[in-house]
Every structure is written in structure tokens, then in C-alpha cells.
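Engineer: Sequence below, structure please.
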Amino acid sequence: MAQCSSLSRSLWILSLSSWVLAIPASLVSSANLVSSPSIPSSKSLMKILKSTGPKTEPCGTPLLTSLHVDLDPLGTTPQPPSSKLTASRANLKDTVEPMPDNDLLLPVQQEYESICRNLEDLRGRRAQLRAQYDFLQQEAQDLQNESREFANYLAKRARRHQGLAVSLNEENQELLHQIQKQHQEVITRSQEQEAALQKELFQKEAELARLSSELEGLHEVQALKQEQTTRIRELQKELAAAQKQHMQHLEAAKIRALKEKMAQEQMAGQEVEGLAQQVQQLALRCLQEHSQTVCQQNKELKKELHQLVQRVQKLQEHKHRLQKQMEQLWQEQGCLQDMAHLRGRLSGKGSGLVLEEE
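Structural biologist: Okay, the predicted model is just below:
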């Protein structure tokens, strides 16, 4: 029934879209109503139906079987797509119906888009199922071939091992006894495990009953826990408020400290400026005193230097005099030596004359 309703809805959408396309241009207030890409044309609808092909829904209602036939705007007889607009406009000249509102076309358009999307999804699903069907057909063919080959192999093996059937039967009987024995052991072991599990289950049920009774007795503890939880929440709120107040006090203290720091820095700057001025004045005074002292020392040094220069001049003059005296003394000494030498010569000559006379 849902497919039938969707089919009837799609046919109604097709008729409505063809009716919209058949409206003459003089009656349309906006030219974008027909040429808008949001309202598909009948040709595009025919292409979509052509791609799907003629089908029959499960409810028994056939789809459009002719791919080149469009519906008349009044819904009476099919017409070819070439004469669609001409016939529609000729009919509208006789009877002009009111133009449908855009608000009414919008849900129809959305419904049509959703149907198109569902159709595309169904196509993809059909292609996927067709591919899976082909794959499964190939797998079935391969399995049939393998089964045929395996049956042939088993027949050959049975013919080859037909002579060993008696011995294999005895071995199978012995193997069957062993399997039955193992099966009995497994059953016994499983019964023991089931009994142990039943016992453990009873213990767990008893423990659960005990815990339930203890849990009923813990209602007071739960109430106390609830009270403590409420108290903890209140304390957390108080702690948050105290932390907030502390942060506010801390911010205020920081602001005060910054203001005091700025004031202290300003005072220190003023004091430093005053001390700098005092130091400059003191340095200027010391420089002046030092300049005066240096000038006085320079004067004294100049005076002393002048005295030393005069003394040097006197010493040089005395040196010249002494040199002259030394030269005179050397001259006198030379003269005395010459006179002594001459006297010696004269005395030698006189003694010789005396000796000669004697």
C-alpha cells in the first residue's frame, strides 16, 4: 500500500509539474518559476522514468509505459512532448485557472526530490543486488563443479578401498566403543560440573539475599551519606565563595601594593634627583676648590721653578768662572813646569861649567 501511495503521489507530481510548465508567460509574475532549476521539467521526468524502465509495483498498478507521452495540464489525454506547451496554452486561453502558490509548490518539490533520491538509492541497491546475485550464481556453479569432482573422487576411493571394508568395520566398531566411552565420561564430567554450578548458584543466591537484607539495613547509612553529600556540596559552595572573596582581597592587596610601590618609586626618584643635584653641587664646589688649589700650586711651582732657573743660571756662571780659573791654573801649572824644566836645564848647564872650570 505504501508503494501504491508513493506511485500515485509521483503521478500527481508529474501532472502538477506539466501543469506548471504549460502556464503561458503572460500569466507568470516571475519568469524564474518555470525556468528555475528547483522545478524539473517533464522531459527530465521522462528521462528518469526511462532509465528505470516500465515496471509494475507490488500493488499491481503499472507505471507509465510510454516514455514519450506527457500528461495534459487538465489531466485528460496524453500528448506528445513537442505539442505540449502549444496545446496547454490553447486550453488556458479558454479557461484560465489560478496559478498555484510557491508555498504549495515547495513541499511538492521537496517530495519529488525525496522520491528522486529514493529512486536513485533503489537503482544502486538493484545494481548491488544484481552483482551479488551474479557472484552467488558463480559461487554456486563453482560449488557444483567441486561437489561433482569430490563425488567422483569418493567413488574412485570407495572402489579402491572396497577390499578393506571388513577391517575398517572392525576398527570403526572399536572406535565407536571408544567414542561412546569418552561420551559417557564427558556426560559424567558435565553432570559433576552442573552440580557444582548449581551449588555455587545456590550460594550466590544466599549471598544475594544476605546482601539484600544488609542493603535494607543500610538505608540509614544512605540517608546519612545523602546528608553528608548535601553538606559537602554546601561546604564546596562556601569554599568557592571564600576562594572568590580571597581572590578579591588578593586583587585589592595587589592593587594597593602596586600603588604603594609606584608612590615609593616616585618618592625614591625624587630623592635620587635631589641627591643627584646635591652631588652635582658638591662636585662643582670640589672642582672649584681643586681648581683653586691647583692654580695656587701652579703659582708656587712656577715661582719655585723661576728660583731654580735663577739658581741654575748662577751655578752655570759659577761653573764658567771655575772653568776659567781651572784653565788659568792649568796655564800657571804649565808655566811652572816649563820654568822648573828650564831651571833644571839651567842648573845642569851651570854645574857642567863649574866642573869644567874645576
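Engineer: Could you pull up the residues touching Leu305?
Structural biologist: For Leu305, the set of contacting residues under the criterion of Cβ atoms under 8 Å, 6 or more residues apart in numbering is empty. From N, CA and C alone the C-beta is placed, and that goes for glycine too.
Engineer: in which helix or strand would I find it?
Structural biologist: Under the assignment given by DSSP states H and E, the secondary-structure element containing Leu305 is helix 219-357.
Engineer: Low-confidence bits of the stretch 51-200 of the chain, can you list those?
Structural biologist: In the predicted model of the stretch 51-200 of the chain, residues 51-105, 161-169 satisfy pLDDT under 70.
Engineer: can you give me the helices in it?
Structural biologist: Ranges of helices within the stretch 51-200 of the chain are 84-94, 102-160, 165-217, based on DSSP state H, counting those that start in this stretch.
Engineer: Check which helices and strands the longest one sits against.
Structural biologist: Put plainly, it is helix 102-160. For helix 102-160, the contact count by 3 or more Cβ pairs under 8 Å, 6 or more residues apart in numbering; DSSP states H and E identifies helix 2-21, helix 42-52 as packing neighbours.
Engineer: And the ones you listed, which one averages the lowest pLDDT?
Structural biologist: Taking each of those in turn, the lowest mean pLDDT turns up on helix 42-52, with a mean of 46.
Engineer: Could you list the alpha-carbon positions for stretch 224-240 in PDB?
Structural biologist: Coordinates of the C-alpha atoms in stretch 224-240 are reproduced here as PDB (Å, rounded to 0.1, in the frame of the first residue of the first chain):
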ATOM      1  CA  LEU A 224      23.500   9.900  56.400                       C
ATOM      2  CA  LYS A 225      25.500   9.700  53.200                       C
ATOM      3  CA  GLN A 226      22.900  11.800  51.400                       C
ATOM      4  CA  GLU A 227      23.100  14.400  54.300                       C
ATOM      5  CA  GLN A 228      26.900  14.300  54.100                       C
ATOM      6  CA  THR A 229      26.800  14.800  50.400                       C
ATOM      7  CA  THR A 230      24.500  17.700  50.800                       C
ATOM      8  CA  ARG A 231      26.800  19.200  53.500                       C
ATOM      9  CA  ILE A 232      29.800  18.600  51.300                       C
ATOM     10  CA  ARG A 233      28.100  20.500  48.400                       C
ATOM     11  CA  GLU A 234      27.300  23.300  50.800                       C
ATOM     12  CA  LEU A 235      30.900  23.400  52.000                       C
ATOM     13  CA  GLN A 236      32.100  23.300  48.500                       C
ATOM     14  CA  LYS A 237      29.800  26.300  47.700                       C
ATOM     15  CA  GLU A 238      31.200  28.100  50.800                       C
ATOM     16  CA  LEU A 239      34.700  27.200  49.800                       C
ATOM     17  CA  ALA A 240      34.100  28.600  46.300                       C
END
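Engineer: So for that stretch, mean pLDDT?
Structural biologist: The model assigns stretch 224-240 a mean pLDDT of 88.
Engineer: same deal with stretch 243-259?
Structural biologist: Mean pLDDT, computed over stretch 243-259, is 91.
Engineer: CA atoms only for it - export them in CSV, please.
Structural biologist: Included here for stretch 243-259 are C-alpha records, laid out as CSV according to Å, rounded to 0.1, in the frame of the first residue of the first chain:
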residue,chain,number,x,y,z
GLN,A,243,38.0,31.5,47.4
LYS,A,244,36.3,34.1,45.4
GLN,A,245,36.4,36.6,48.3
HIS,A,246,40.0,35.7,48.9
MET,A,247,40.8,36.3,45.2
GLN,A,248,39.0,39.7,45.5
HIS,A,249,41.0,40.6,48.7
LEU,A,250,44.2,39.4,47.0
GLU,A,251,43.5,41.5,43.9
ALA,A,252,42.8,44.5,46.1
ALA,A,253,46.0,43.9,48.1
LYS,A,254,47.9,43.6,44.8
ILE,A,255,46.4,46.9,43.6
ARG,A,256,47.3,48.6,46.9
ALA,A,257,50.8,47.2,46.8
LEU,A,258,51.2,48.4,43.2
LYS,A,259,50.0,51.8,44.2
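Engineer: Name the residues that touch it?
Structural biologist: Among residues not part of stretch 243-259, none is counted as a contact by Cβ under 8 Å, 6+ apart.
Engineer: Any buried residues in that stretch, and which?
Structural biologist: Neighbour counts using 16 or more other Cβ atoms under 10 Å place no residue of stretch 243-259 among the buried ones.
Engineer: got it, and stretch 148-158?
Structural biologist: Taking 16+ other Cβ under 10 Å as the neighbour-count basis, stretch 148-158 is seen to contain no buried residue.
Engineer: okay, now Gln316: neighbour count?
Structural biologist: Neighbour count of Gln316, defined by other Cβ atoms under 10 Å: 10.
Engineer: mind checking pLDDT for it?
Structural biologist: The per-residue pLDDT reported for Gln316 equals 92.
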